[in-house]
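Engineer: Would you be able to build a 3D model of this:
(2 chains, ligands or ions: 2)
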Amino acid sequence: MIEVELAVNGERETVSVDATQTLLDVLRTKLGLTGTKIGCNQGVCGSCTVLIDGKPARSCLVLAAGCRGRAITTIEGVGTADAPSPVQQAFIEAGAVQCGYCTPGMVLAAEALLRKTKRPSVPEIREALSGNLCRCSGYTKIVDAVKLASERAAP
Amino acid sequence: MTEIASAVGLRLPRLEVREKVLGQAQYVDDMVRPRMLHGAVLGSPIPHGRIKRFDKSRALALPGVKAVIVGPELAPHHLGAFIKDETALARDKVRYIGDAVAAVAAVDLATARQALGLIDIEYEELPAVFDVEEAQKPDAPLLHEDYDKYVKVFPAEYKGRNVLSISTITEGDVDAAWAACDVIVEGEYETPGQAHAYLETNGALAEFDAAGKVTVWSCTQSVFKMQAAISEALGLPMAKIRAIATRIGGGFGGKAEPGTQIIAVALARATGRPVKVILSRDEDFTMMRVRHPAKIRVKTGAKKDGTLVARAFDATYDAGAYADESPGVMGFGMLMARGPYRVPHLKCVGRAVYTNKLRTGAFRGFGNPQTAFASEANLDDLAAKLGMDPLELRLKNAMKPGDTWVGGQKVEACGLVECLERLRKDSDWDRRRKAQAPARPGKKRGLGIACLSHISGVLATSAIVRLLEDGSFSLNTGAVDIGQGSDTTLAQICAASLRVPVERVNLVNPDTDASPYNWGTGASRVTYTVGRAVASASDAVGEQIKQRASIIFECAPGDLELRDGGMVGVKGVPGKVLPYGAVAGFSHFVAGGPIIGTTSLMFDGPGFDPKRTLLRGVPFSNLGAYVFGAQAIEVEVDELTGQVEVVEVWSAHDVGKAINPQSVEGQIQGGVVQGIGYALTESVEWDQGKVVNPSFMDYKIPGAMDVPYAIHPIIVEHPEASGPFGAKGVGEPGLVGVGPAIRNAIAHAIGARLAVMPFTPERVWTALQGRAA
Ligand code: FES
Ligand code: FES
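Structural biologist: Ligands and ions are numbered 1, 2, ... in the order given. Okay, here's the model as predicted:
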C-alpha cells in the first residue's frame, strides 16, 4: 500500500492505494465518487472519463499512485443540483440523456472540448466525443447539447 | 384559473435527468451495503461436456473466500421463459463456453476472481456442434437429451434433432399461387449475432434479513420476472423475495431475463452476508446472450404491375445452448415475415435450433430485424426485376387502414403510406434515385429504403394512482425505465389525464414490495400497455375526485368537471371551484377515505383467426397494436476499399401520438444507430464455440464518428384507438429497417445485392470484384 495525496474536485484527499490500483477504482471504492462509471475497464468506452489537469483521461487506464499532485475533476465536481454547468444544463434540455451511463464521461469530454475550443463545429464536436461510446442516444442529441452549450457560452 | 398546456405532447426533460448529468444516479454497482461481499461466476471452458467431479477445496482455502457454490448444491429447478431447459448453475452438463458452473463470494472482487481459478472441475468432453445445419443432422451431438421432458409453456412443435421449436404460418395457397405470378424472386440471406452492448454490464446485489427475506437490487427490465425467476430457480417462496430496480444503464432486451440475480441470492444465502455480483465486460459478452444469428430463404411472387401475390419464407434461428426467449423471438419473426404489405398467399416456416454457443435472447426487434432484412432485401430485388422504383413498389402494396395483419386482426390505424410519402419528400427521393448524388472521388453514393412493422402490446400490467393531501399524485406501475424514458412518458399520461403539470406526479420506483404487477419492459409496450393502465387508473381517480367534490358542492358528480391546474369545478360556473388539495383533505379527514384509482389489465386485442390462418407452434395467441414505419438511408461506398459510410438517415414512424416528442426522437435515433452497427460492423464471432471478440476493442459498436449527425426522425401520428391518447410504441422500430435500407442503398450505389450482414469492407470489396468480372 502506498499513501498518495490526490486533489479531487478541489479537495485534498489522502488515500492508501495498491501500486496497481487504477484511479477509477480509487475514486469509486475509496472516495465514494461513483459518478465515474465502469463500462469496459479496458480503456475503450470512455465511461470512466475524468479530467486530469483539465485534459480528459480514462481513469481505468491511469494508476492512482501516479496522480500525486495532479488536479482531478470528476462529474461530481462539475456542477450542482442548483447550479449545473452550462454543459450539464444543455444535456438536460437537448434530450441528450437516456440511460445516463455514458453521461458523466460525455459531459467531461464536452467540458474539456469547450475549455479548448469556444465554438466548435459539428465535426469537431463529433471528433471530441469519438472516444466515448453511447449505446442509447444515437449521438445526435448529444452533439446538439454540446452545440447548445457552446452557443450560450460564446454567443 | 391558470391555463396550462396538457402534459401530453410536451418535449419534457426526463424526470431523473438531473441526477444523471450530475453523476448522482445510482446503478447497482454504485451500491454498497455493510459487510458486503463480492461475487464472481465461473464459466465452462469447453463447449460441451459432462461434469465428472467438482473440487472446491483449493478455492475455499484462499484467504478472503467466504463461499463457493456449484450446481448440485442448488435445488434442481429448471428455468426458461418458454422452455424450462436451464439451471442457475450447470449440474451435470455444460453446453457452451461460458456456461455458468460455479460461483464465489469473497471479501473483494480480486479475491473472488482469483478463487475462480482454484475451483477444480473435471469434465468429460463431448463432441460439440456450432452450426444450425450440422446440428440438425441425425448423427449430430445432442445438446438436451431430456428435451421431451422439459416443461414448455406453449404447445411447442419440435421435430428434428436439436430443433427446439418450429413455427408454421399459412394463409391462402402459396403452392398454387406461384403459377399466377409474372415475376418471382428468390434469395438467401444471413444475419449475424449482435451483442446488446449496453454500457452497464449485468449485475445484482442481494441481501437477506433476519426473517429470511431477500432483497435483490439489480439492473433488470422487470422486477416481477426476477422475483418469479429467483423463486423458480432456488425454490424460495415469492413472498420472501423483494426485487428492486436500480437505475439501469441500458437493456435493449438483454436484461429481460435473469443476469446475475439468482447467483447473487444463492451466494448471499450461503454466506449470510450481502453479495454483489457484477460481470466484467468480457463476462457479459461471453455469458449472457446475443441476438439470434439467422439464415433465411425468401421467395416472393408478383404481377407485372408490382402487385404482390405470394411469399414463402423459411428461416432458421441459431438459439445457442439454451432456449431462453427463442421460441418467442423466432415465432414473432415469422409473424412479421410478410411485412406491412397485402400479400394474399403466404407460407412461413421458422425453426430455432440448439448449438453449443452462447444462448440467444430478446434484443430490440425480437426476431423482426432478421426477417425484415430478408424480406426488404428480397423486395428490392423484386423491384429491380420489375424495373420499378422500390418506393413505388412498397407504396403499391402498403397496408392501409382496414387491412388485416397475418392472423386476421384488422388494423385500423396505419400511417405507412404517409411515412413513405414523407420519406419521398424529405430525402428528395425521386430526384436522387434517378441521379445519384455526387460523391467524392473513388466513392459512389446510393439511396435505399425499407419499410418496417412491429407491435406494441402483450400481456399483463397494472397501475395505481393515489391523490395526496396537497393535491399531487403518486403513480405506481412497477414498469422499469431502462433508459428509454418511460417514467417521464407515464407521468405525462397521468398528468394529462388529471390536468396537472407533470411536476405534480411522483413516480414510484419499481419494487415488488410496493408496486402492482407489470410483466416487463419489452415488446415496445410500456407507453402503449402500461400507459393504458395509467390513463385508466388516473381517470378512476378523476371520477372519485368529482364524486367527493359533489358532496362538498351538494350537486351531482355529473355536474362537475376537472379543470387545468388541478381543480374540480361546477360546469358552466367558473367561480365554483375547488383545488384537488381541498378534495384530498376532505377525503382523508372528513368523508370517503383516500382517493386511489387502480387498473389491472391483460392485453385483450383480437386473437388469431384459425379459419383464415393456420398457425402451429406459435407461442402467442394475440400480439398488440401494430406499428408501422419506413426508413431511407443514403450511403457512400468506397470503391477501392469496400468501406461503407452512412451519410444521412430519414426514419419515419407512425407512433399514434408522440406523448413526448423529444423522447420519441431519441428512441428513433438510438435505434437507427444500433441498426447501423448491426448492418456494418457488429458481429459476435465464434471459433469452435468460443467468442473471439468479447471486448469493445474487437466488437465494434458505432462511435460518434461512425454515424452521421443527420439522422432525421420523422414523427407521423395516426391515433391508435386503444392506446393512451392515441399512442403506441416506438422503442424497437428504429432499428428494424436499417439493415435492409443500407443494403438497398449499397445496391443503388454499386449494383451489388448483398445477402450477408454485416456489410464489412471485405464483403463489399468482394462484391465489387464480382461486379467487375
Ligand atoms: S471503463 Fe475506462 S474506458 Fe471503458
Ligand atoms: S445514454 Fe445510455 S449509453 Fe449513453
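
Engineer: Just the pLDDT at residue B:3, thanks.
Structural biologist: The model reports residue B:3 with a pLDDT of 45.

Engineer: actually residue B:458, sorry about that
Structural biologist: 77.

Engineer: Quick check: phi and psi on it?
Structural biologist: Here is the backbone geometry of residue B:458 (degrees, to the nearest 10): phi 60, psi 140.

Engineer: And for it, the neighbour number?
Structural biologist: As a burial measure, residue B:458 scores 23 neighbours (other Cβ atoms under 10 Å in any protein chain shown). Using the backbone N, CA and C atoms, a C-beta is placed for each residue, glycine as well.

Engineer: I'd assumed residue B:529 was in contact with it.
Structural biologist: Yes - using Cβ atoms under 8 Å as the test, residue B:458 is close enough to residue B:529 to be in contact (7.1 Å).

Engineer: shared neighbours of the two, anything?
Structural biologist: Taking Cβ atoms under 8 Å, 6 or more residues apart in numbering or on different chains as the contact rule, the neighbours common to residue B:458 and residue B:529 are B:603, B:624.

Engineer: Stretch B:130-138: which residues count as buried?
Structural biologist: Across stretch B:130-138, burial judged by 16 or more other Cβ atoms under 10 Å in any protein chain shown covers B:130, B:131, B:132, B:135, B:136.

Engineer: Tell me who's in contact with the third one.
Structural biologist: Spelled out, it's residue B:132. So residue B:132 contacts B:295, B:316, B:317, B:318, B:353, B:355 (Cβ under 8 Å, 6+ apart).

Engineer: related to what we said a few turns ago, looking at the buried residues of stretch B:130-138, spot the one nearest ligand 1.
Structural biologist: residue B:130 (30.1 Å; Cβ to the nearest ligand atom).

Engineer: any idea which element the closest one lies in?
Structural biologist: Per DSSP states H and E: residue B:130 is located in neither a helix nor a strand.

Engineer: now it: how far from residue B:298?
Structural biologist: In this view, residue B:130 and residue B:298 are 25 Å apart by Cβ to Cβ, to the nearest Å.

Engineer: same thing with residue A:33?
Structural biologist: From residue A:33 to residue B:298 the distance is 53 Å (Cβ to Cβ).

Engineer: Likewise for residue B:41?
Structural biologist: From residue B:41 to residue B:298 the distance is 40 Å (Cβ to Cβ).

Engineer: Look at those two and report which has more neighbours.
Structural biologist: residue B:298 (26 against 22).

Engineer: Tell me which residues touch the more buried one, please.
Structural biologist: B:186, B:187, B:188, B:189, B:311, B:312, B:313, B:314, B:374, B:375, B:378.

Engineer: surely the fifth one meets residue B:297?
Structural biologist: No - with the criterion set as Cβ under 8 Å, residue B:311 and residue B:297 do not qualify as a contacting pair; they are 11.2 Å apart.

Engineer: Among the two, which residue is more densely surrounded?
Structural biologist: residue B:311 (27 against 16).

Engineer: Quick check: the gap between the residue lying farthest from the centre of chain B and ligand 2.
Structural biologist: Largest separation from the mean C-alpha position in chain B: residue B:554, at 50.9 Å (Cα atoms, centre = their mean). For residue B:554, the distance to ligand 2 equals 53 Å [Cβ to the nearest ligand atom, to the nearest Å].

Engineer: pLDDT wise, what is that residue at?
Structural biologist: Residue B:554 is given a pLDDT of 95.

Engineer: Then the one 5 residues further on?
Structural biologist: On pLDDT, residue B:559 comes in at 97.

Engineer: Next up, the contacts around the most centrally placed residue in chain A.
Structural biologist: Taking Cα atoms, centre = their mean, the centroid of chain A lies closest to residue A:108, which sits 3.1 Å from it. Counting by Cβ under 8 Å, 6+ apart, residue A:108 touches A:49, A:50, A:51, A:56, A:73, A:74, A:75, A:78.

Engineer: Tell me how the chain divides into domains.
Structural biologist: Picking chain A for this. Domain ranges of chain A: A:2-77, A:86-153, per automatic domain parsing.

Engineer: meant chain B, my bad for not saying
Structural biologist: When chain B is cut into domains by automatic domain parsing, you get B:17-23+B:459-602, B:34-126+B:202-278, B:294-457+B:608-772.

Engineer: what residues are up against residue B:430?
Structural biologist: Taking Cβ under 8 Å, 6+ apart, one finds residue B:424 in contact with residue B:430.

Engineer: and the helix or strand containing it, average pLDDT?
Structural biologist: Using DSSP H and E, residue B:430 falls within helix B:429-434. Averaged over helix B:429-434, pLDDT sits at 94.

Engineer: next helix or strand past that helix?
Structural biologist: With DSSP H and E, the next secondary element past helix B:429-434 is strand B:443-457.

Engineer: before we move on, the earlier item: now distance to ligand 1 too, for the contacts of residue A:108, in a markdown table please.
Structural biologist: Shown next, in a markdown table, are the contacts of residue A:108 (distance: Cβ to the nearest ligand atom, whole Å):
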| residue | distance to ligand 1 |
| --- | --- |
| A:49 | 7 |
| A:50 | 10 |
| A:51 | 14 |
| A:56 | 11 |
| A:73 | 16 |
| A:74 | 13 |
| A:75 | 14 |
| A:78 | 18 |
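
Engineer: Just give the nearest non-adjacent residue to the residue of the stretch 251-400 of chain B found nearest chain A, would you?
Structural biologist: Closest approach between the stretch 251-400 of chain B and chain A, counting by Cβ to the nearest Cβ: residue B:281, at 4.5 Å. Closest residue to residue B:281 apart from its sequence neighbours, by Cβ to Cβ, 6 or more residues apart in numbering or on different chains: residue A:40 at 4.5 Å.

Engineer: Same check on residue A:8?
Structural biologist: Closest to residue A:8 by Cβ to Cβ, 6+ apart is residue A:72, at 4.8 Å.

Engineer: I figured the one you found hits residue A:24, correct?
Structural biologist: No - Residue A:72 lies out of contact with residue A:24 (Cβ under 8 Å); the separation is 11.1 Å.

Engineer: I'd like to know how far residue B:501 sits from chain A.
Structural biologist: 17 Å (Cβ to the nearest Cβ, to the nearest Å).

Engineer: how deep is that residue tucked in, by neighbour count?
Structural biologist: Neighbour number of residue B:501 under other Cβ under 10 Å is 20.

Engineer: Correct me if wrong: it contacts residue B:495.
Structural biologist: Yes - Residue B:501 is within contact range of residue B:495, at 6.3 Å (criterion: Cβ under 8 Å).

Engineer: Spell out which residues of chain A are next to ligand 1.
Structural biologist: A:38, A:39, A:40, A:41, A:43, A:44, A:45, A:46, A:47, A:48, A:58, A:60 (Cβ under 6 Å from any ligand atom).

Engineer: quick one: which of those sit in strands?
Structural biologist: residue A:58 (DSSP state E).

Engineer: tell me which of the residues of chain A next to ligand 1 is nearest to residue B:506?
Structural biologist: residue A:47 (29.8 Å; Cβ to Cβ).

Engineer: Tell me who's in contact with the closest residue in space to the closest one that isn't next to it in sequence.
Structural biologist: Spatial nearest neighbour of residue A:47, excluding adjacent residues (Cβ to Cβ, 6+ apart): residue A:39 at 3.3 Å. Counting by Cβ under 8 Å, 6+ apart, residue A:39 makes contact with A:45, A:46, A:47, A:48, A:101, A:102, A:105, A:133, B:199, B:200, B:281, B:696.

Engineer: Do you know the pLDDT at residue A:39?
Structural biologist: 98.

Engineer: Chain A: helices as residue ranges?
Structural biologist: Using DSSP state H, the helices of chain A run over A:23-25, A:86-94, A:103-116, A:122-129, A:140-153.

Engineer: where does chain A come near ligand 2, residue by residue?
Structural biologist: A:97, A:98, A:99, A:100, A:101, A:102, A:134, A:135, A:136, A:137.

Engineer: before we move on, which element is the closest residue to the fifth one other than its chain neighbours in?
Structural biologist: Looking back up the chat, that one is residue A:101. If the residues on either side of it in the chain are set aside, residue A:101 comes closest to residue B:249, at 3.2 Å by Cβ to Cβ, 6+ apart. Under DSSP H and E, no helix or strand contains residue B:249.
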